[in-house]
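Trainee: can't give you the sequence, but here's the structure:
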C-alpha cells in the first residue's frame, strides 16, 4: 500500500512532474517503502533517441520498477565561455517523449531549487577529473558530481542509468557512488548512434548541414582504430589518427587509449579509445571499447 505522501504525487502508469525536491523525495520514499524499485535517468533535457534508449533500459530493469527522469540544465558544469544560455530547453517536447516512453515521474527543478542561496558545497573528484575532458573543461566534473550527488539524495534511486557516450563522466560517477557509499547501482548503457555512426547528442543540433556531413569522421576514426586492436595499442592510435587527418575541419583536442577505468594504456585486454574534437562552434566527444 503506497503511503499518503505518494498519493498526491504518483499515479501508476501516468506521468507526474515535480519541481520541489522535498515533494519528490516524499513520493519516492513512499514508493520504495511499498516495495517499488526506483530507476533514475538523469538528463539535461533536449531528449533524443539516446535518452529514449536509457528510459527503455530503465523499464527493463527486473522488479516493480518506477522510472524517474530528471530534466535540469546544470549551470555548475558549464564553463564561462560555454553554451549554458543557448543550450536547448524544449520542456514540453521532453515531457511528451517521457509520456511516450512510459515514464511515471519527471523531476524538473529550477536553479533555485537545486542551488538555493547559500548552497555552495561542492563534490571534489579525484585526479581523473583534471584529465581528458577535465583538461579542456576545468571544473566541469565538480559540477557534474555535485548535481548527481544531489539527485541521488533527492530521488533515492535503486539504479541510475548513464550513457556510455560520456564515458569519463560514467567512470567518475561510479567512483563517487562507491566512495560516498550511495546505496545504488550505477549502470552504463551503450552509445546510440546515427546510421553513419555519429554518437547522438543534444549538441548535434548546433551542427550546420556541411559540418553534420563531416562529423561522422570522429566515430569512423574510433571504429577503424578499434578494428586493428589485435596489432596493439600503437596500431590502434595510428589508424585512428590517420582517419582523423582526412577531415581537416575537425580540430582534435585529444585522442587517447586508456584502460576501462581510464588509467594508463594496458598492454593487453580491455581498453577504451576516446576522442574529442571541435567542428566549427560545436564540440564532439565519443569513445569505443577496444580489446587489445
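Mentor: That came through, no problem. In this text, all values refer to a predicted model and were calculated from it rather than measured experimentally.
Trainee: which stretches of the protein form strands?
Mentor: 16-18, 37-43, 65-71, 105-107, 159-163, 185-189, 250-258, 270-279, 282-291 (DSSP state E).
Trainee: What is the distance between the third one and the centre of its chain?
Mentor: With Cα atoms, centre = their mean, to the nearest Å as the basis, strand 65-71 stands 14 Å off its chain's centre.
Trainee: Identify the residues contacting that strand?
Mentor: The contact list for strand 65-71, computed with Cβ atoms under 8 Å, 6 or more residues apart in numbering, reads 10, 28, 31, 36-45, 47, 55, 58-59, 91, 94, 98, 101-109, 151, 155, 157. The way it works is simple: take the backbone N, C-alpha and C, and place the C-beta from them, glycine included.
Trainee: next one: the last one
Mentor: For strand 282-291, contacts defined as Cβ under 8 Å, 6+ apart pick out 133, 164-167, 191, 199, 201, 203-204, 206-207, 211, 215, 218-219, 222-223, 225-226, 229, 236, 253, 257, 260, 269-278.
Trainee: quick one, it and strand 270-279 angle?
Mentor: When axes from the mean of the first three to the mean of the last three Cα atoms, to 10 degrees is applied, the directions of strand 282-291 and strand 270-279 differ by 160 degrees.
Trainee: Parallel or antiparallel, list what pairs with strand 282-291.
Mentor: Within its sheet, strand 282-291 is paired with strand 270-279 (antiparallel), according to DSSP bridges.
Trainee: for the partner strand, what is the average pLDDT?
Mentor: For strand 270-279, the mean pLDDT works out to 98.
Trainee: mind listing what's buried in it?
Mentor: 271, 272, 273, 274, 275, 276, 277, 279 (16 or more other Cβ atoms under 10 Å).
Trainee: Please name the nearest non-neighbouring residue to the first one.
Mentor: The one in question is residue 271. residue 290 (4.4 Å; Cβ to Cβ, 6 or more residues apart in numbering).
Trainee: how close does the one you found sit to residue 136?
Mentor: The gap separating residue 290 from residue 136 is 22 Å, by Cβ to Cβ, to the nearest Å.
Trainee: what about the two, which has more around it?
Mentor: More neighbours surround residue 290 than the other of residue 290 and residue 136, with 23 against 15 (other Cβ atoms under 10 Å).
Trainee: How many neighbouring residues does residue 242 have?
Mentor: 12.
Trainee: Mind naming the longest helix for this protein?
Mentor: helix 209-227 (DSSP state H).
Trainee: Buried residues, it. List them.
Mentor: Result for helix 209-227 [16+ other Cβ under 10 Å]: buried residues 211-212, 214-223, 225-226.
Trainee: name the helices or strands packed onto that helix?
Mentor: helix 233-244, strand 250-258, strand 270-279, strand 282-291 (3 or more Cβ pairs under 8 Å, 6 or more residues apart in numbering; DSSP states H and E).
Trainee: Would you mind saying which of these lies nearest residue 81?
Mentor: Proximity to residue 81, assessed across these by Cβ to Cβ, is greatest for strand 282-291 (11.3 Å).
Trainee: could you point out where the stretch 1-150 of the chain is predicted with low confidence?
Mentor: Under the criterion pLDDT under 70, the flagged ranges of the stretch 1-150 of the chain are 1-8.
Trainee: for it, what spans make up the helices?
Mentor: With DSSP state H, counting those that start in this stretch, the ranges of helices along the stretch 1-150 of the chain come out as 4-7, 21-33, 49-59, 91-100, 111-114, 133-136, 140-155.
Trainee: closest to residue 247 out of those?
Mentor: helix 133-136 (19.4 Å).
Trainee: Low-confidence bits of the stretch 151-292 of the chain, can you list those?
Mentor: In the stretch 151-292 of the chain (pLDDT under 70), no residue qualifies.
Trainee: hmm, back to that, give me the contacts around the longest helix of the chain.
Mentor: Here helix 209-227 has contacts from 193-194, 196-199, 204, 207, 236-237, 239-241, 243-244, 246-247, 249-250, 255, 273, 275, 277, 279-280, 282, 284, 286-290, using Cβ under 8 Å, 6+ apart.
Trainee: now stretch 100-120
Mentor: 10-21, 24, 27-28, 52, 55-56, 59, 66-72, 74-76, 91, 95, 98, 147, 150-151, 154-155.
Trainee: Going by neighbour count, which of these are buried?
Mentor: 10, 15-18, 21, 24, 27-28, 52, 55, 66-72, 74, 76, 95, 98, 147, 150-151, 154-155.
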